[in-house]
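*Asks:* Kindly return the folded structure for what I paste below:
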Amino acid sequence: MAAVVTMAATGEKDGEFDTVVARTILVKNDAGNFVVDLGANDNGDGFVATHSAMGKTLVELNATVDGEGMVTTFKPNGKSLVRLGSTGNGGLVEVTNNTGEIIGQIISDKDGNGVVSSANRKGDVRELKPGP
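*Replies:* Reported below is the predicted structural model:
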């Protein structure tokens, strides 16, 4: 980090480093808005977030409370749009509507079979499961 401090003190804008160690790294766009966060979540797992120029979260790379990976995309209103991750049984794909309600999901059940479900906005769910 001494190299970063030295560069900042001399006003240099470009640099090359083999290693940078930090607790958090924030990236600004040309307008001075923070558009990328690199750091750790509350459980100490890695966290990456991208933001629009207006400050709205667009994408998060995070971990669940169980330490499993999760990618979440967001609408400008802050509602989750798509989640890709895992559960105790395997992978997870989840899609929501404009109001944040889950309308589609692909998961692995406890026996390792794929389950596809779809819901309307009233909450009526239909599932497709393998088998007879």
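*Asks:* give the contact list for residue 65.
*Replies:* residue 43 (C-beta atoms under 8 Å, 6 or more residues apart in numbering). All C-beta atoms are positioned from the backbone trio N, CA, C, and that covers glycine.
*Asks:* try it again with 10 Å
*Replies:* Residue 65 is in contact with 41-43, 45, counting by C-beta atoms under 10 Å, 6 or more residues apart in numbering.
*Asks:* With secondary structure as added columns, please give these in CSV.
*Replies:* Below are those laid out as CSV (DSSP: H, G, I helix; E, B strand; the rest coil):
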residue, secondary structure
41, coil
42, coil
43, coil
45, coil
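*Asks:* measure the closest residue to residue 129 other than its chain neighbours to residue 54 for me?
*Replies:* Of all residues not flanking residue 129 in the chain, residue 115 sits nearest, at 5.3 Å (C-beta to C-beta, 6 or more residues apart in numbering). Distance, residue 115 to residue 54, using C-beta to C-beta, to the nearest Å: 37 Å.
*Asks:* and what of residue 83?
*Replies:* From residue 83 over to residue 54 (counting by C-beta to C-beta), the distance is 22 Å.
*Asks:* Looking at the two, which has the bigger crowd around it?
*Replies:* More neighbours surround residue 83 than the other of residue 83 and residue 54, with 17 against 7 (other C-beta atoms under 10 Å).
*Asks:* pLDDT score assigned to the more buried one?
*Replies:* On pLDDT, residue 83 comes in at 95.
*Asks:* Can you name the residues that contact it?
*Replies:* Each residue near residue 83 by C-beta under 10 Å, 6+ apart is listed here: 60, 70-73, 92-96, 102, 105.
*Asks:* Including pLDDT and distance to residue 21, could the residues you listed go into JSON lines?
*Replies:* Putting these into JSON lines (pLDDT from 0 to 100; distance: C-beta to C-beta, whole Å) gives the following:
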{"residue": "60", "pLDDT": "97", "distance to residue 21": "23"}
{"residue": "70", "pLDDT": "94", "distance to residue 21": "25"}
{"residue": "71", "pLDDT": "97", "distance to residue 21": "25"}
{"residue": "72", "pLDDT": "96", "distance to residue 21": "27"}
{"residue": "73", "pLDDT": "96", "distance to residue 21": "29"}
{"residue": "92", "pLDDT": "93", "distance to residue 21": "33"}
{"residue": "93", "pLDDT": "97", "distance to residue 21": "35"}
{"residue": "94", "pLDDT": "96", "distance to residue 21": "35"}
{"residue": "95", "pLDDT": "95", "distance to residue 21": "38"}
{"residue": "96", "pLDDT": "92", "distance to residue 21": "37"}
{"residue": "102", "pLDDT": "90", "distance to residue 21": "39"}
{"residue": "105", "pLDDT": "95", "distance to residue 21": "39"}
